[in-house]
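Novice: Below: sequence and its predicted model.
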Amino acid sequence: MKSSISRLALFLLCLSLACTVPQLLAKKDSKADPGPNEQKRAVHALNRLTFGPRPGDVQQVMAMGVDRWIDLQLHPDKIQDNALDARLAPLRTLHMNSRQLAENFPDNQMIKQVYDGKRPMPSDPALKAVYQVQIARYQDKLEAREQKEPAAPLASAPAATSAPADSGAADGAKTAEELAAAAAASPESMPPPDIGSMNEMNAGKGDAAAVSEDIAPPKRKLSPQEEAEARAREDRLYADLKVTSLADVPPDERYKKVLAMSADEQLAFADSLKGGKGQEFFNGLDPKQKETLQAMNNPQQVVVQELSEAKLLRSIYSERQLEEVMTDFWFNHFNVFAGKGPERLLLTNYEQEVIRPHSLGKFEDLLMATAKSPAMLFYLDNWMSVGPNSLQAMGAPARPVVRYGPYGRPHVVPGGNPNAKRKQGSGLNENYGRELLELHTLSVNGGYSQRDVTEVAKVFTGWTIEKVADGATFRYDPRTHEPGPKFVLGHHIKPKGEDEGKEVLHMLATSPQTAHFISLKLAQRFVSDDPPPALVDRMAKTFEKKKGDIREVLSTLFHSPEFWADGTYRAKVKTPLEFIASAVRATGADVQDALPLARQLNNMGMPLYGAQPPTGYSMKAETWVSSSALLTRMNFALALTAGKVHGVNVDTVQLAGGPPPPPDANTTLSTMEAKLLADDVSKQTHDSIVAQLQAPPKSSAQPQNENGAKPKKQEASRPPDASTIAGLLLGSPEFQRR
């Protein structure tokens, strides 16, 4: 049966490759097209304005009226979302500000300050345990670094006559340091304890005992590094055994025992919580207890994990679907990368306080909010940008100098000594200026020059971050701001400090080029990879007329004939996030743990908050359509419906129309085609699945009846495999498109 399913999955995969390329889609003449019927309009609206329809959504939208439902989605403040709030409640980091996140999930700088005595050790037992483990890791790293440095040879030391030490010791020291650094950044990448090596060592001890002591070779003395590694292996083995023994202890008692451990025990214990054992150990713990144990491994990773869970839960369960779609769209447009320094602690505020509140508001407000966001300032390095002729670059003192002119009148000289040398390492950074013009507003063909990039970079000198280690907040620093006038896109910008940046942002937000570029990207998200120019032009006119009101631009889009044209129906290939969210929504799955879904996105090449370049992730089909990518999607679909995705439960019996389950496979298939795809299944896909369901099980020796004749071809009489049918439909070409 498995080989038959594999063959069918391969066939559907090939079919997907042929059908998911937009250029191969047959498009009808929109003038001759009478337009979609009401059900088709509802399906299309749900596919484009949401992360995919759930069971019953199509009927609900039809009952309300498609146009009225769209208008409601454009005003999310009118929609109750209590069910989602209940699912997000356990994710405590969502309710913390940047300072609280920095204190509760410390980075290496914070740990070093506590280690050096510049900050007090937290008094809260749970938080203290997190700090203790990180300090122990930091100490191990320091020791590894010290052992790596060769000791100076003594002048009176005699020449070495003993056998040389293991040549791999130096390499071992280097590896230990790298692993210690990797543990601080991403403990999930640390290898598990080498149990096999321990067994070999134990076996070796037994063999050595059988050898006579007078002929046994002398044991080589272990280097300090090797002794440390041996102790670490023993500690991890001990911790592994302790994890196993504590797994059956009641949750509260189990948690208290961990807090009562010594720092070294907690370190080894935290390393042993990685992988499947950790998931089992967390069962029954409340959110704070679970966070504490997870933070022992990697504090900042907890913040990203909970934000990733929240993004998936919002995509799947929020009733304010258009708001979530637009939040994802704008985060991608104003992309920042979680893997850069303290960005992990800044992402939560960036998405929740900068992107989401402005996702359907005025574009200029959104642009201003991103420009002042510590996440953006850090990601594109503007926080370090210093004007070449600024007070700081010229070495001026931090405080103004008071001088006395004629008649003893005092006056302030803000620039200090004009002959002072510039500080080393300071300089103008053009990253934000370039991306602001190229990606955020005008586009790569927006008519600006390299000089404009440099001038914009000068304008935004002084826009920096205050107290990076304590959560980071925006601050304007006049000492790093480039003095004098600037010239941007032919406009004269008078010297006025922080207001120069506000003037440039206003100029860019109201530019016709920006109106066209933003309208084009919105049309690419909601209509097609290559949207009709006439539609983009109408959207751009609305953008200019309504002063960048995103809601009004979307309203123009959703009420356009191009949006409803027959050729746009199921014509957009889903990104991995859209595919996973739509699959979970379509099956009505219950998500108790969203992290496995986030890991699936990693496998599909779209880790959440993991786009390193400022361009973000592509919305176009060419990026996501390949044989390997579609095979990964098919495997996920089959695993989801078979209940093999941890923390996600799918009731395939109910999905098939039960209970009781349908009597045959054909009925099951028909019911699921209606529920999962609103009956939008091609004859080729339907016939392929039917043929597979009706085929007899393949075996090496086909059974014979009493007369020695081979039995006739079986009909669809064997019990239907509802989970496989559902998985194949989710992996079909029709479901790959929205």
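Specialist: In hand now; what should we look at?
Novice: domains of the protein?
Specialist: For the chain, automatic domain parsing gives the domain ranges 2-25+572-699+711-736, 82-149+224-317, 318-389+425-509.
Novice: Can you tell me which of those is nearest to Gly395?
Specialist: domain 318-389+425-509 (9.7 Å; CB to CB). All C-beta atoms are positioned from the backbone trio N, CA, C, and that covers glycine.
Novice: now do the same end-to-end measure for the closest one.
Specialist: Counting by CA to CA, to the nearest Å, you get 30 Å between the two ends of domain 318-389+425-509.
Novice: Distance check, the residue lying closest to Phe105 once chain neighbours are set aside against Glu309.
Specialist: Nearest non-adjacent residue to Phe105, counting by CB to CB, 6 or more residues apart in numbering: Pro299, 3.8 Å away. Distance of Pro299 to Glu309, given as CB to CB, to the nearest Å: 17 Å.
Novice: the more surrounded of these two?
Specialist: Pro299 (29 against 24; other CB atoms under 10 Å).
Novice: In terms of pLDDT, where does that one sit?
Specialist: We have a pLDDT of 93 for Pro299.
Novice: Out of the domains of the chain, which gets nearest to Leu49?
Specialist: Nearest of the domains of the chain to Leu49, taken as CB to CB: domain 318-389+425-509 at 4.9 Å.
Novice: what's the average pLDDT for that closest one?
Specialist: Averaging pLDDT along domain 318-389+425-509 yields 95.
Novice: mind checking how far it is from the chain centre?
Specialist: Relative to its chain's centre, domain 318-389+425-509 lies at 21 Å (CA atoms, centre = their mean, to the nearest Å).
Novice: likewise stretch 57-73?
Specialist: The answer for stretch 57-73 is 31 Å, by CA atoms, centre = their mean.
Novice: Make 16 the starting number, not 1.
Specialist: That works, and once the first residue is 16, the last one we named lands at stretch 72-88.
Novice: Using CSV, lay out the domains of the chain together with distance to Ala57.
Specialist: Below are these laid out as CSV (distance: least, CB to CB, whole Å):
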stretch, distance to Ala57
domain 17-40+587-714+726-751, 9
domain 97-164+239-332, 19
domain 333-404+440-524, 13
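Novice: Phi, psi for the spatially closest residue to Pro68 that is not a sequence neighbour please.
Specialist: In space, and not counting its chain neighbours, Pro68 is closest to Leu61: 4.1 Å by CB to CB, 6+ apart. When read as degrees, to the nearest 10, the backbone of Leu61 gives phi -70, psi -40.
Novice: got the contact list for Leu61?
Specialist: By CB atoms under 8 Å, 6 or more residues apart in numbering, the contact set of Leu61 is Gly67, Pro68, Asp72, Val73, Val76.
Novice: surely the last one meets His59?
Specialist: What that stands for is Val76. No. Applying CB atoms under 8 Å, one finds Val76 not in contact with His59, separated by 10.3 Å.
Novice: more neighbours, these two?
Specialist: Set side by side, Val76 and His59 show more neighbours around Val76, with 24 against 21, by other CB under 10 Å.
Novice: what about the more buried one, distance to Phe750?
Specialist: Computed as CB to CB, the Val76 to Phe750 distance reads 19 Å.
Novice: next one: Ser597
Specialist: For Ser597, the distance to Phe750 equals 8 Å [CB to CB].
Novice: same thing with Leu655?
Specialist: The value you get for Leu655 to Phe750, if CB to CB is used, is 12 Å.
Novice: Report the set of residues contacting both of the two.
Specialist: Residues touching both Leu655 and Phe750 (CB under 8 Å, 6+ apart) are Ala598.
Novice: List the buried residues for stretch 450-461?
Specialist: Neighbour-count burial for stretch 450-461 flags Glu450, Leu451, Leu452, Glu453, Leu454, His455, Thr456, Leu457, Ser458, Gly461 (criterion: 16 or more other CB atoms under 10 Å).
Novice: and these, which of them are in helices?
Specialist: Residues of these located in helices (DSSP state H): Glu450.
Novice: which residues in the stretch 466-615 of the chain form helices?
Specialist: Under the criterion DSSP state H, counting those that start in this stretch, the stretch 466-615 of the chain contains helices at 513-524, 527-541, 548-560, 565-573, 576-579, 591-602, 610-618.
Novice: Could I get the CA-only coordinates of the fifth one as CSV?
Specialist: Listed next in CSV are the C-alpha coordinates belonging to helix 576-579 (Å, rounded to 0.1, in the frame of the first residue of the first chain):
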residue,chain,number,x,y,z
PRO,A,576,-12.9,43.5,-12.3
GLU,A,577,-9.3,42.3,-12.5
PHE,A,578,-9.4,40.9,-9.0
TRP,A,579,-12.5,38.8,-9.9
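Novice: Indicate which one of the domains of the chain is closest to Phe578.
Specialist: Among these, the nearest to Phe578 by CB to CB is domain 17-40+587-714+726-751 (11.6 Å).
Novice: what's the offset of that closest one from the middle of its chain?
Specialist: With CA atoms, centre = their mean, you get 23 Å for domain 17-40+587-714+726-751.
Novice: Torsion angles phi and psi at Gly499?
Specialist: Here is the backbone geometry of Gly499 (degrees, to the nearest 10): phi 90, psi 170.
Novice: what separates it from Asn404, distance-wise?
Specialist: The gap separating Gly499 from Asn404 is 7 Å, by CB to CB.
Novice: Ok, Tyr584 next?
Specialist: Look at Tyr584 and Asn404: by CB to CB, they are 58 Å apart.
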